[in-house]
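**Student:** Next comes the sequence, and after it the predicted model I'd like to discuss.
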Amino acid sequence: MESPGEYTRAGFTRAFDEHHLALFRFAYRLTGSAADAEDIVQECFVGLLRANCGFDERRASLRTYLFGAVRHQASKRLRHREDATAEVETAPDLRSPESEALRGELKTTVARAVLALPATQREVLILAHYEQMPLAEIAAIVGIEVGAVKSRLQRARGALREMLAEYAERLA
Amino acid sequence: MTDNELDQVLNRWKTPAPSRGLRARVLGSFPRRELLSFVKPLRWAAAMAAVVCMLAIGAAQSGGGTLGNIGDGISRWQDSAINWIGDMWVGHIVLAFRKSNPSIYVDGELRSDVEFGGSGVGVWVRIPGEGKYLLGLRRTAFEGPVPPRAGRFDGHVMEFQAGGRSVRIESAGTYGFHERLPVYVMGPVQR
């Protein structure tokens, strides 16, 4: 792996192709906005080209570093956003039969529920559930102990269980 | 709600795909190597210019015509550089001309026994029974006095007078830009 700021074009392209989708998903689920997610991913990769970006492969893998960078960028954006619980962007459902109505509603409701979680719980839940990351890697990204990751994850799932109980019953 | 049910509900939230432009934007931010390789010589040029300026200022302050000497030196260096570029260009043309196995005529007669060789802007012709003539296509080909101009070369034909004979060296091709170059002839130097 190249040192920060010394990437070859091929190495940089390889890093982008390998990680950008997961980073975009993470950024999207943290912010609820595809536009913000793209901006965040772009900023993270451009930042990687700077010599003083802070990435040290002896301390963390590139993936861990990039997820940490996305987390940092997302929290900055959310702080500056007046309406932190912004409307979640959902793609229009062109099929729109009535049988799809509940699914579409649930999709939006799940997104809102996840976005309503405290930021510290939300990021842990997204990394664990949606990105299927090991707890140790989540701990490295968030900068806390593995025990604290477990605790936050349990609290997040408990809160979601309450918020989404009604929809789970309707789907059953 | 069981853990499994919660997982199923959470999995309803799919993410959209990033736009196609994202990849182009990110990869487009990678600095172009050409620009980097251009910046380095530019820095050197700026450093050299700064040194020259400092020398000029220093010379001007010391007075006594030192500035004029620096100007003469720069002028001589410029002339040398121009001559060197000219020699390289003509040498390149003559080399291609020689390698094309040109036909050699002496007084209008095709001769296969005449030798033709050389290097750079200096070439030679050896006519059996008469000797070897040194030819220069630039004045810089001669270290001493420059011999008289006795012919011309246009990239296709080299014509000159040697020992009272008319020599014509003709190639099938044409080299250079049809510019007419003088041919200075010295000799015969060897029999």
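**Tutor:** Thanks, I have it.
**Student:** Now name the helix or strand holding residue 151.
**Tutor:** Since you didn't name a chain, this refers to chain A. Remark: A:Ser151 resides in helix A:146-171, with elements defined by DSSP states H and E.
**Student:** should've been chain B
**Tutor:** Secondary structure assignment for B:Gly151, by DSSP H and E: strand B:149-153.
**Student:** So which bits of that strand are buried?
**Tutor:** Across strand B:149-153, burial judged by 16 or more other Cβ atoms under 10 Å in any protein chain shown covers B:150-151, B:153. To be clear about C-beta, it is placed using only N, CA and C from the backbone, and glycine gets the same treatment.
**Student:** got it, and stretch B:140-157?
**Tutor:** Buried residues in stretch B:140-157 (16+ other Cβ under 10 Å): B:140-141, B:147, B:150-151, B:153, B:155-157.
**Student:** do the same with stretch A:71-84
**Tutor:** A:71, A:73-74, A:77-78.
**Student:** a markdown table please, covering the residues you listed and showing distance to A:Arg152, pLDDT and secondary structure.
**Tutor:** Below are the buried residues of stretch A:71-84 laid out as a markdown table (distance: Cβ to Cβ, whole Å; pLDDT from 0 to 100; DSSP: H, G, I helix; E, B strand; the rest coil):
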| residue | distance to A:Arg152 | pLDDT | secondary structure |
| --- | --- | --- | --- |
| A:Arg71 | 13 | 94 | helix |
| A:Gln73 | 20 | 92 | helix |
| A:Ala74 | 16 | 92 | helix |
| A:Arg77 | 21 | 87 | helix |
| A:Leu78 | 17 | 84 | helix |
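**Student:** Quick one: find the helix or strand in chain A with the lowest mean pLDDT.
**Tutor:** helix A:101-116 (a mean of 77; mean pLDDT, DSSP states H and E).
**Student:** In a strand, B:Phe116, correct?
**Tutor:** Yes: counting by DSSP: H, G, I helix; E, B strand; the rest coil, one finds B:Phe116 located in a strand.
**Student:** That one pairs with what?
**Tutor:** B:Val125 (DSSP bridges).
**Student:** Quick check: pLDDT value at it.
**Tutor:** Turning to B:Phe116, the model gives it a pLDDT of 88.
**Student:** so who does it touch?
**Tutor:** Contacts for B:Phe116 were tallied using Cβ atoms under 8 Å, 6 or more residues apart in numbering or on different chains; they are B:98, B:102, B:104, B:123-126, B:169.
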